[in-house]
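A.B. asks: next comes the sequence, and after it the predicted model I'd like to discuss.
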Amino acid sequence: MQIDAPKQVRAALQRLANSGFEAFAVGGCVRDSLLGLVPGDWDITTAALPKEVEAVFADCRLIETGLRHGTVTVLLDGMPLEITTYRVDGDYKDARHPQSVTFSRNLREDLLRRDFTVNTLCWNEQRGVVDLFDGIKDLQAGTLRAVGEPEQRFSEDALRILRGVRFASTLGFAVAPDTAEAMLATRALLGRIAAERIREEFTKLICGKAAGAAIDRFAPVLEVFLPELSALIGCQQNTPYHCYDVFHHTLAALDAAPQEETLRLCMFFHDFGKPACRRVDANGVAHFKGHAIVSARLTEQILRRMRYPNKTVRRVTHLVEIHDTKAPLDRVQARKLLARLGEEDYRALIEIKRADCRAKAQPHAIDRKLEDMERFLREILKDGDCVSLHTLAVNGDDLLAAGVPAGSTLRAALEGLLNAVMEGRCSNEKGALLSYWTENAL
Ligand code: ATP
Ligand code: MG
């Protein structure tokens with residue numbers, strides 16, 4: 001089996017080999033290549049000690065940030081490559097970091113410390129794919145299996161538990177029974193892992209193609225750092241529109257959304273406020289009035305706790321807040337919605353509503369409305385309809401000159417004229433707008 005490695009990776013492996021050091025591409029890059037996916041990064045593992053790696057690449061730019069763990073980052077033809085010396089981890093004491101690392105000249109020893117069999121696969125041009133732990137068999141069967149004794153491996157480094165859920169989601173693999181059992185049994189140790197590391201895995205997890213199934217299977221793992229999730233499980237929505245409890249609705253909505261961070265975060269959190277807002281009327285129908293606002297508040301709180309960047313927190317929180325906005329039924333409503341949201345959020349709302357509705361009792365009930373919503377936007381953009389004060393044919397100075405007093409009256413007059421234009425009561429021309437203002441004394 002050959003692998004289509006970038007030329008820089010081949011060159012680095014060749015250089016190490018020419019200097020007499022065994023070296024392989026390892027882990028995710030080999031796994032993804034064999035699955036026909038494009039690897040995100042290429043890691044190299046080698047028998048060469050860090051000093052020897054530095055000597056081999058003496059003419060390149062080197063970044064020594066990971067030196068303590070045996071990693072030298074080499075910049076080769078513009079591509080950063082992490083080259084790590086074969087290594088045996090010492091005892092783990094805190095479910096996070098080994099107390100010491102020892103370098104080794106033995107590939108097998110290095111592979112033993114890796115998390116899952118499919119992540120132990122190695123490749124170089126001379127030897128092809130090297131598979132010491134039956135990783136290929138698991139890859140072909142779609143099985144995620146811990147290397148060695150699962151409970152021990154998860155107790156050493158609890159992040160592996162969440163990586164397990166992440167790979168189940170991104171690869172769509174089934175977790176081997178003893179591995180899954182151990183993930184659930186050791187899950188409390190995740191409480192010791194830094195928020196940033198959890199966040200990185202969580203983002204990849206919810207963006208996976210099988211996120212819903214993975215979260216359904218491993219909800220107790222997520223609840224360790226997302227205790228708010230429990231309230232969604234079993235929260236019944238007895239309404240004619242819904243066929244799932246809030247938890248399973250959320251998972252279905254997640255799977256239906258594009259595999260992109262912002263939208264997936266939005267769908268994951270969009271109904272977190274529902275349990276707190278649930279009221280059942282005399283007919284036994286559940287209502288969730290105001291849940292979008294409560295969801296938004298929870299989303300903000302949780303994303304901050306998980307250390308998402310401010311920009312992500314703000315955007316996702318806003319999308320959660322608007323997720324339940326009704327689709328515009330005509331072009332006037334579409335103009336007003338566009339004026340309120342801006343084009344980016346208007347488009348996001350289309351995706352959000354589609355995903356939300358796909359997870360309801362009648363998944364296609366929304367399709368016509370969303371087609372219209374897209375068509376209105378196309379027409380508005382094509383015809384250059386005025387949907388903001390920037391493109392209104394009069395500005396504050398024009399109105400001041402026409403005798404409108406400054407301050408809140410001026411602001412209201414501008415808003416009133418914009419509304420009149422969007423509603424088709426006045427054309428967007430200066431003369432027309434000024435007479436409209438005089439006649440209607442907005
Ligand atoms: P991706 O790059 O797609 O996120 P990956 O499997 O390549 O997935 P990396 O974080 O790039 O993940 O790590 C590279 C390799 O290092 C893994 O394939 C695995 O062999 C090993 N590895 C990473 N993190 C751990 C860990 N916490 N415990 C054990 N081995 C790990
Ligand atoms: Mg990787």
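C.D. replies: Noted; the coordinates are in hand. Ligands and ions are numbered 1, 2, ... in the order given.
A.B. asks: for ligand 2, what is the nearest residue in the stretch 101-250 of the chain?
C.D. replies: Closest approach between the stretch 101-250 of the chain and ligand 2, counting by CB to the ion: Asn119, at 8.7 Å. The C-beta positions use only the backbone N, C-alpha and C, and glycine is treated the same way.
A.B. asks: need the residues of the protein near ligand 1, please.
C.D. replies: By the rule CB under 6 Å from any ligand atom, the part of the chain lying against ligand 1 is Gly27, Gly28, Gly40, Asp41, Asp43, Arg114, Asp115, Asn119, Asp157, Leu159, Arg160.
A.B. asks: is the fourth one part of a helix or strand, or is it coil?
C.D. replies: It stands for Asp41. coil (DSSP: H, G, I helix; E, B strand; the rest coil).
A.B. asks: where does the residue of the stretch 201-350 of the chain at minimum distance from ligand 1 fall, secondary structure wise?
C.D. replies: In the stretch 201-350 of the chain, the residue that lies nearest ligand 1 is Lys204 (6.3 Å; CB to the nearest ligand atom). For Lys204, the host element (DSSP states H and E) is helix 195-206.
A.B. asks: what comes into contact with that helix?
C.D. replies: Applying CB atoms under 8 Å, 6 or more residues apart in numbering, the contact partners of helix 195-206 are 159, 162-163, 165-166, 169-170, 190, 211, 214-215, 222, 225, 254, 261, 264-265, 268, 305-308.
A.B. asks: run the last query once more with 7 Å
C.D. replies: Counting by CB atoms under 7 Å, 6 or more residues apart in numbering, helix 195-206 makes contact with 159, 162-163, 165-166, 169-170, 211, 214, 225, 254, 261, 264-265, 268, 305-308, all of which sit outside it.
A.B. asks: now stretch 353-362
C.D. replies: 240-244, 249, 252-253, 256-257, 267, 270, 323, 327, 363, 365-366, 370.
A.B. asks: and those residues, which are buried?
C.D. replies: Among the contacts of stretch 353-362, those that count as buried by neighbour count (16 or more other CB atoms under 10 Å) are 242, 244, 249, 252-253, 256-257, 267, 270, 323, 327, 366, 370.
A.B. asks: related to what we said a few turns ago, what about the helix holding Lys204, near ligand 2?
C.D. replies: No - using CB under 5 Å from the ion, helix 195-206 stays clear of ligand 2, with a minimum separation of 10.7 Å.
A.B. asks: residue of this protein nearest ligand 1, please.
C.D. replies: Taking CB to the nearest ligand atom, the chain has Gly28 as its residue nearest ligand 1, at 2.0 Å.
A.B. asks: who touches that residue in this structure?
C.D. replies: Here Gly28 is in contact with Pro39, Asn119 (CB under 7 Å, 6+ apart).
A.B. asks: any idea how far it is from Asp115?
C.D. replies: 11 Å (CB to CB, to the nearest Å).
A.B. asks: same question for Gly234.
C.D. replies: 32 Å.
A.B. asks: between the two, which one's more packed in?
C.D. replies: Asp115 (23 against 11; other CB atoms under 10 Å).
A.B. asks: buried residues in stretch 189-209?
C.D. replies: Quick answer for stretch 189-209 (16+ other CB under 10 Å): 189-190, 193, 197-208.
A.B. asks: quote the end-to-end distance of that stretch.
C.D. replies: 27 Å (CA to CA, to the nearest Å).
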